[in-house]
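J.: Dropping the sequence and predicted coords here.
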Amino acid sequence: MSDPFNPVSPETPAPKKKSKGKIFLIIAVIVLVVCGGGAVLAYNLLSKAVDVAYAEGKCVDILPTSATAVAVTPKPVECTDAKAAAKILKVADGKTAADAEAVCGSVPGAVSFVQIIKTDGTNKLLCLGAK
């Protein structure tokens, strides 16, 4: 029998320790996956934005006429903008300034060219003409 002066108390199990480390690790992995996916998506969208901005029929703010190579990057502008100096008559992907005569020489109205190096390292040759 039980002792009336020392009653036996039911033993309660010790509370489980919640592992906060596991929770933080899971959250960190989820954040890394989301951020990594977002970075890849942003990189791809930026590359596509360059293709759209420098498409045939669009205008840029400069028309280089120098016989020597000049490091300039034209900014895309609306053709109705007063800053528009040249119209893109042809776009050649994967071509460099060395290919300019072969690519732009046969384009009617082309008076100049610009080579753009995209963020992914690929080249884009723009044949330009007067706006």
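T.: Perfect, thanks for sending it.

J.: In the longest helix anywhere in the chain, which residues are buried?
T.: Secondary structure of the chain per DSSP state H: the longest helix is helix 20-53. For helix 20-53, the neighbour count (16 or more other CB atoms under 10 Å) marks residue 50 as buried. The way it works is simple: take the backbone N, C-alpha and C, and place the C-beta from them, glycine included.

J.: Show me where the chain has its strands.
T.: Using DSSP state E, the strands of the chain run over residues 59-60, 76-77, 86-93, 110-117, 123-130.

J.: Kindly provide the distance from residue 129 to residue 34.
T.: Between residue 129 and residue 34 the computed distance is 45 Å (CB to CB, to the nearest Å).

J.: what's near enough to touch residue 95?
T.: By CB atoms under 8 Å, 6 or more residues apart in numbering, the residues touching residue 95 are 103, 115, 123-125.

J.: And it, what's its pLDDT?
T.: Here the pLDDT value assigned to residue 95 is 87.

J.: What does it show for phi and psi?
T.: Backbone torsions for residue 95, taken as degrees, to the nearest 10, come to phi -100, psi 150.

J.: which residues of this structure score low on pLDDT?
T.: Within the chain, the stretches with pLDDT under 70 are 1-18, 43-44, 46-47, 49, 66-71.

J.: Packed most tightly, which of the strands of the chain would that be?
T.: Of the strands of the chain, the one with the most neighbours on average (mean count of other CB atoms under 10 Å) is strand 59-60, at a mean of 24.
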